[in-house]
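J.: Got a predicted structure plus its sequence, pasted below:
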Amino acid sequence: MSVEPRSRKRSGLYYGWYVIGAMFFMALVGVGPRQGLGLFFDRWTSEFEVSISVLSLMAGAGWLINGIVNPFIGNLTDRYGGRIVMSSSMVVVGAGSFLLGISSNLWMLAVVYVGFISTGMAGILFVPASALASRWFKRRRGAAISMLTSGASVGGMLMVPFMAYMLEIVDWRITWTVVGGMLLLSSPVLWFVLRNSPREFGLWPDGDDGPADAMASTSATGLGRQGPLAVERWQKAYRSRPMWVLTFGYVVCGITTGSIAVHFVPYAISEGISVKTAALAFALLNLINLAGVLFTGFISDRLLRKNLLTVVYGVRGLAFLSLVVFPPGIGLWVFAIVGGMSWLASVPQVGALVAEIYGIQRAGTLNGMLTLVHQVGGAAAVAGAGLIFDLSGSYSPFFIVAAGTLVFASAVSWALRERACSVRFIEPETPQGLLATERA
Amino acid sequence: MPVLLVHSHHSEPSDPRLLRWVIDTFEQLFGLGPAVVIIPVGVLVVASLGLLAFFAFRSRRGQLYFPEREGDGEGRRAK
């Protein structure tokens, strides 16, 4: 039941930040079962008598299924709201973790991991979360999405070691049972905190006092002021240029992050760098990534988001070039520092741009479609980088190609006419609003 | 080439070699046992969830707009 927002002075922290806090928590605890999967490979190879390759295939299938499920999750979010989608997905991931603990054979393990954990993970991370955050925030949308995104980074630092140490003192089955229990028990609490829209409480987006705030003005539909390209059907977004710009950028994003995720350590070994040094460099990358996503998220609300996206892709392109230009020992560290700044920073920019250009009504589905191409691009790049290495004996050709695509993605993002099509810059009663559709 | 993924955008599984190294280095540096990591992280997770629920509940009671309290007669209490 929604309550009509009214102008009224309020004190205290805006309730939208509690919603962001709940989604941050979901990302924090939810990433454990997925990121920590590799910890169990040693136990499973001996208990189920399978090779690492078979388990890797299972992880790869989970990656693909996760990508495919995202548009459906986004669509469900648009139809029924993020609250039910995210809370029930938390139950699915929790139940999956629980079932993983009682798996008696490889098939059960694979079905539970792919069917429950990888599928459910799509429902607790960025696609429904970005859509939900976009309903609670307009002026501070970038900051809000970056904060919930950082939950996954913090979760990787907390939950994965938590599971690793659990494994040292108890059986792997108990570890999964404990993690599953944590997720299941937190689900009702998160259901209680989450709400689909500030209108449910009679609040305005961003905690504004009323419609005097330009960005808080709301339409009769309750979806807020819409830009000239706002769509009621997600397919219509693909008839305009910005959607293709964002899609191209996200494919490149998937190519570059997916390939490094898999080939970083093998690259270091091929260049005579120790696994420990590579691991340390990658840990540094992840640490800087946390600062990078928060910093870019906060400043993006004051700048053109497409400019930040241009910088993010450009900086990542420089990081890839450093792997070719500098000697391997130095290039690795330059990559970790420079690349880390841009690693996750594209997520809040793209999530916010989708909502601001195409409206929040179909933001979930569109974010899901973008995540799908991101994952497909990543999977293709994993295979492509391996093939290039097998043919040439070096990763350098792939890194040059990756840097080239990033520079191109940066240039394409720069060309995005954000002022013409984003609701942030369009006055509703000016001719600009009418002309913008044509120009965009 | 095994598909052992490291932390990426969408939280793919981490590389077990990297994880093992991080855990070993952490133990070498601080010499902490498993319980010293498990208990604080567990308490942190539970406490942060509890605090979130508590402050969210308090915020709802103190901050939200309930039309019937101002006597305009049009609203019902927000759920």
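T.: Thanks, I have it.

J.: Backbone torsions only: list them for the closest residue to residue A:96 other than its chain neighbours.
T.: Excluding its sequence neighbours, the residue lying closest to residue A:96 (Cβ to Cβ, 6 or more residues apart in numbering or on different chains) is residue A:116, at 2.7 Å. The C-beta positions use only the backbone N, C-alpha and C, and glycine is treated the same way. Phi and psi for residue A:116, reported as degrees, to the nearest 10, are phi -100, psi -60.

J.: ok, residue A:116 to chain B distance?
T.: To chain B, residue A:116 is 15 Å away according to Cβ to the nearest Cβ, to the nearest Å.

J.: correct me, but that residue touches residue A:94?
T.: No: using Cβ atoms under 8 Å as the test, residue A:116 is too far from residue A:94 to be in contact (9.1 Å).

J.: pLDDT below threshold where in the stretch 51-200 of chain A?
T.: Within the stretch 51-200 of chain A, not a single segment meets pLDDT under 70.

J.: At the contact with chain B, which residues of it appear?
T.: Within the stretch 51-200 of chain A, the positions near chain B by Cβ under 8 Å from any Cβ of the partner chain are A:52-53, A:56-57, A:59-60, A:62-63, A:66, A:121, A:125-126, A:152-153, A:155-156, A:158-162, A:164-166, A:168-169, A:182, A:186, A:189, A:192-193, A:200.

J.: hmm, try it at 6 Å
T.: A:52-53, A:56, A:59-60, A:63, A:152, A:156, A:158, A:161-162, A:164-165, A:168-169, A:186, A:189, A:193 (Cβ under 6 Å from any Cβ of the partner chain).

J.: for the stretch 301-440 of chain A, same thing?
T.: Listed as neighbours of chain B in the stretch 301-440 of chain A under the rule Cβ under 6 Å from any Cβ: residue A:386.

J.: What's the local residue count around the residue of the stretch 301-440 of chain A found nearest chain B?
T.: At 4.6 Å from chain B, residue A:386 is the closest residue in the stretch 301-440 of chain A, using Cβ to the nearest Cβ. Residue neighbour count, defined by other Cβ atoms under 10 Å in any protein chain shown, stands at 18 for residue A:386.

J.: And for residue B:44?
T.: Using other Cβ under 10 Å, residue B:44 is surrounded by 13 other residues.

J.: now swap in the one 4 residues further on and tell me
T.: As a burial measure, the neighbour count of residue B:48 was computed by other Cβ under 10 Å and equals 16.

J.: mind checking which helix or strand it is in?
T.: Using DSSP states H and E, residue B:48 maps to helix B:34-63.

J.: swap in residue A:381?
T.: Going by DSSP H and E, residue A:381 is part of helix A:363-392.

J.: What of residue A:13?
T.: For residue A:13, there is no host helix or strand (DSSP H and E).

J.: Now do the residue lying closest to it once chain neighbours are set aside against residue A:202, distance only.
T.: Spatial nearest neighbour of residue A:13, chain neighbours left out: residue B:59 (6.4 Å); criterion: Cβ to Cβ, 6+ apart. Residue B:59 is 13 Å from residue A:202, where distance means Cβ to Cβ, to the nearest Å.

J.: again with residue A:353
T.: Look at residue A:353 and residue A:202: by Cβ to Cβ, they are 29 Å apart.

J.: I figured the residue nearest to residue A:13 hits residue A:15, correct?
T.: Yes: at 5.4 Å, residue B:59 counts as touching residue A:15 under the criterion of Cβ atoms under 6 Å.
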